[in-house]
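J.: got a predicted structure here, sequence first:
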Amino acid sequence: MKPVRRRIRRHFGLTAKQVAVRSKRPWYFQTGAAFVFVGLGYAVAYWQYATGSESLRQTMLDNQALNTKVIQVERQLQIEQAAQSVLTKELRDVQDENIHLKEDLAFYKNMTNSKR
């Protein structure tokens, strides 16, 4: 009787070994879950890429529109600078002509005053 009691105490008593119950999944479930998660990751990445490329296209169109505006403003500035340089040259010529005419007028006034 003692050996039977001892065996029962050894299996079910305080000194019994602690047993952890774990559920072990087969390898094909783990592999299948890994493929599902990888596929889901690729789907999310593709969705982000597709929406990102659409916003990228819109940004590129906006960039082109701004570039055309910049080119137009630069051309207008070049035209204004060319007109300004032409006007400056004409003003210099007119002022030089005015100075020569004043000199001629002063000369003729001196000639008429000296004859009287």
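T.: Yep, it's here.
J.: spatially central residue in this protein, please.
T.: Thr59 (8.3 Å; C-alpha atoms, centre = their mean).
J.: contact partners for that one?
T.: Contact analysis of Thr59 by C-beta atoms under 8 Å, 6 or more residues apart in numbering lists nothing. All C-beta atoms are positioned from the backbone trio N, CA, C, and that covers glycine.
J.: so which strand or helix has it?
T.: helix 27-115 (DSSP states H and E).
J.: which stretches of the protein have low pLDDT?
T.: 1, 13, 20, 115-116 (pLDDT under 70).
J.: give the buried residues for stretch 85-104.
T.: Within stretch 85-104, no residue counts as buried by 16 or more other C-beta atoms under 10 Å.
J.: with just CA atoms, put that stretch into CSV.
T.: What follows is stretch 85-104, C-alpha atoms only, in CSV (Å, rounded to 0.1, in the frame of the first residue of the first chain):
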residue,chain,number,x,y,z
SER,A,85,18.0,100.7,-70.2
VAL,A,86,16.6,102.1,-73.5
LEU,A,87,14.9,104.9,-71.7
THR,A,88,18.0,105.7,-69.7
LYS,A,89,20.1,105.9,-72.9
GLU,A,90,17.5,108.2,-74.6
LEU,A,91,17.4,110.4,-71.5
ARG,A,92,21.2,110.7,-71.6
ASP,A,93,21.1,111.6,-75.3
VAL,A,94,18.3,114.2,-74.8
GLN,A,95,20.2,115.7,-71.9
ASP,A,96,23.4,115.9,-73.9
GLU,A,97,21.5,117.5,-76.8
ASN,A,98,19.9,120.0,-74.3
ILE,A,99,23.3,120.9,-73.0
HIS,A,100,24.6,121.5,-76.6
LEU,A,101,21.6,123.6,-77.4
LYS,A,102,22.1,125.7,-74.3
GLU,A,103,25.7,126.2,-75.2
ASP,A,104,24.7,127.3,-78.7
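J.: chain center to that stretch, what's the gap?
T.: Put simply, stretch 85-104 sits 52 Å off its chain's centre (C-alpha atoms, centre = their mean, to the nearest Å).
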